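Novice: coordinates only, sequence not included:
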């Protein structure tokens with residue numbers, strides 16, 4: 001019997017126009033009200049795009065960084081190979097400082113630098129071409145990984161299930177299907193039906209602005225809820241699984257993701273609901289022993305008090321604590337879904353096996 005596929009609309013968040021030699025991204029800070037595409041040409045524009053969340057999501061940041069470094073490499077006029085490499089390393093360090101938590105940023109930049117280092121003896125055009133192909137490889141690799149993650153994740157749910165998400169780990173944050181949203185979008189293509197509850201994800205509202213936007217456009221039954229409503233929808237029996245993405249996974253399975261994720265995991269454990277983390281192996285940092293070693297980005301207090309309001313919602317003198325991420329303890333995680341399979345506890349063993357079996 002031939003499989004009936006449903007047409008699902010995917011958002012192209014990052015593209016490199018080779019003919020025009022232009023890096024183009026969609027400005028995610030304007031979604032869902034406006035779909036505006038930006039051309040990034042300078043290091044400052046690239047840094048700002050990553051820092052100000054015009055491009056966001058760990059895999060997407062890595063893809064953008066790879067194309068960014070290629071774009072900047074084309075602008076370097078140094079004649080001596082070592083001078084070229086030094087300037088490229090300086091640009092990479094600058095971009096890497098934009099956001100410290102997502103490991104994909106540093107990973108992609110290191111991959112690009114390694115490509116340059118081993119090809120320094122090549123003529124300039126050949127070296128640049130190698131860098132371009134490496135960036136494309138990183139992009140295409142993420143598309144393939146998202147598809148594989150989606151396939152594995154789909155085995156964890158069944159037709160008609162309720163799924164709760166936090167933040168955004170769909171095509172906007174990655175490529176094509178996404179990670180945490182991947183099984184939902186892939187299942188929808190195959191005619192499955194899910195009921196998704198999308199946490200708004202304060203203070204930047206990625207769940208409201210981005211996840212509900214992506215799922216609604218794809219024809220998924222999505223209901224937007226405030227973060228503090230996750231408990232009641234779980235209590236009502238409306239949620240059979242929680243799917244979240246990740247920005248860094250430590251060697252013991254502790255996982256950094258958008259602020260509020262650990263609270264969802266605690267609630268899920270209380271209500272007996274499986275809590276799954278979905279992400280590519282590039283987000284796993286085996287050099288980081290546990291979550292206490294993951295640097296947590298601190299952001300502007302204005303995101304809490306002013307960003308979405310006509311007038312500030314708190315007095316100017318009131319201090320704010322605004323971490324961008326929190327760490328979910330590995331004991332709260334039912335499984336970590338990667339492109340190579342689903343890891344289960346003990347994570348020190350199952351995560352290590354992913355790399356031992358390369």
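Specialist: Yep, it's here. Since the model is a prediction, treat every value here as computed from it, not as a measurement.

Novice: confirm for me that residue 30 is in contact with residue 36.
Specialist: Yes: using C-beta atoms under 8 Å, residue 30 is in contact with residue 36, at 5.3 Å. (C-beta placed from N, C-alpha, C; glycine too.)

Novice: ranges for the helices of the protein?
Specialist: Assignment of helices within the chain using DSSP state H yields the ranges 43-51, 58-75, 81-96, 103-117, 124-154, 182-189, 206, 212-217, 230-235, 261-271, 302-305, 347-356.

Novice: of these, which is nearest residue 282?
Specialist: When those are compared by C-beta to C-beta, helix 103-117 sits nearest residue 282, at 5.3 Å.

Novice: just checking, what packs against that closest one?
Specialist: Here helix 103-117 touches helix 58-75, helix 81-96, helix 124-154, going by 3 or more C-beta pairs under 8 Å, 6 or more residues apart in numbering; DSSP states H and E.

Novice: what about the second one, distance to the chain center?
Specialist: In other words, helix 81-96. Relative to its parent chain, helix 81-96 has a centroid offset of 25 Å by C-alpha atoms, centre = their mean, to the nearest Å.

Novice: what average pLDDT does it get?
Specialist: Averaging pLDDT along helix 81-96 yields 97.

Novice: do the same with the longest one
Specialist: On average, the pLDDT along helix 124-154 is 97.

Novice: tell me which residues in it are buried?
Specialist: Residues of helix 124-154 classed as buried by neighbour count (16 or more other C-beta atoms under 10 Å): 127-128, 130-132, 134-136, 138-139, 141-143, 145-146, 148-150, 152-154.

Novice: now the shortest one
Specialist: If you call a residue buried by 16+ other C-beta under 10 Å, then helix 81-96 has these buried ones: 81, 84-85, 87-88, 91-92, 95-96.

Novice: contact partners of it?
Specialist: For helix 81-96, contacts defined as C-beta atoms under 8 Å, 6 or more residues apart in numbering pick out 43, 46-47, 50, 65, 68-69, 72-73, 76, 78, 105-106, 109-110, 112-113, 116-117, 120-121, 127.

Novice: would you map out the domains in this structure?
Specialist: What automatic domain parsing lists as the domains of the chain is 14-145, 158-356.

Novice: and among these, the most buried is which?
Specialist: Comparing these by mean neighbour count (mean count of other C-beta atoms under 10 Å), domain 158-356 comes out on top with a mean of 20.

Novice: chain neighbours aside, what residue packs nearest to the most centrally placed residue in the chain?
Specialist: Residue closest to the mean C-alpha point of the chain, counted by C-alpha atoms, centre = their mean, is residue 57 at 2.7 Å. Nearest residue to residue 57, sequence neighbours excluded (C-beta to C-beta, 6 or more residues apart in numbering): residue 173, at 2.2 Å.

Novice: repeat that for residue 161.
Specialist: residue 240 (4.2 Å).

Novice: how far away from the center of its chain is stretch 182-192?
Specialist: Centre-to-centre, stretch 182-192 and its host chain are 19 Å apart (C-alpha atoms, centre = their mean).

Novice: surely residue 179 meets residue 171?
Specialist: No: between residue 179 and residue 171 there is no contact under C-beta under 8 Å: 9.8 Å.

Novice: measure residue 226 to residue 166 for me?
Specialist: Plainly put, residue 226 is 12 Å away from residue 166 if you go by C-beta to C-beta, to the nearest Å.

Novice: again, but for residue 315
Specialist: Distance of residue 315 to residue 166, computed by C-beta to C-beta: 29 Å.

Novice: OK, contacts around residue 152?
Specialist: 337-339, 341-342.

Novice: narrow those to those in strands?
Specialist: Of those, the ones assigned to strands by DSSP state E are 337-338, 341-342.

Novice: excluding chain neighbours, what is closest to residue 181?
Specialist: Nearest residue to residue 181, sequence neighbours excluded (C-beta to C-beta, 6+ apart): residue 170, at 3.6 Å.

Novice: per-residue pLDDT of that neighbour, please?
Specialist: At residue 170, the predicted lDDT confidence score is 93.

Novice: swap in the one 4 residues further on?
Specialist: According to the model's per-residue confidence, residue 174 sits at a pLDDT of 88.

Novice: which ones are touching the nearest residue to it once chain neighbours are set aside?
Specialist: Spatial nearest neighbour of residue 174, excluding adjacent residues (C-beta to C-beta, 6+ apart): residue 59 at 4.1 Å. The contact partners of residue 59, by C-beta under 8 Å, 6+ apart, come to 104, 142, 145-146, 173-175, 179, 279-280, 282-283.

Novice: CSV for those residues, including distance to residue 320?
Specialist: Listed next are those as CSV, based on distance: C-beta to C-beta, whole Å:
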residue, distance to residue 320
104, 28
142, 34
145, 36
146, 34
173, 25
174, 30
175, 33
179, 30
279, 29
280, 33
282, 32
283, 28
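
Novice: these two touch, right, residue 201 and residue 227?
Specialist: Yes: taking contacts as C-beta under 8 Å, residue 201 lies within contact range of residue 227: 6.6 Å.

Novice: which neighbours do the two share?
Specialist: In contact with both residue 201 and residue 227: 166, 260, using C-beta under 8 Å, 6+ apart.

Novice: make JSON lines out of the ones in strands among the contacts of residue 152 and add distance to residue 300 and pLDDT.
Specialist: Below are the ones in strands among the contacts of residue 152 laid out as JSON lines (distance: C-beta to C-beta, whole Å; pLDDT from 0 to 100):
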{"residue": "337", "distance to residue 300": "33", "pLDDT": "98"}
{"residue": "338", "distance to residue 300": "33", "pLDDT": "98"}
{"residue": "341", "distance to residue 300": "39", "pLDDT": "98"}
{"residue": "342", "distance to residue 300": "37", "pLDDT": "98"}
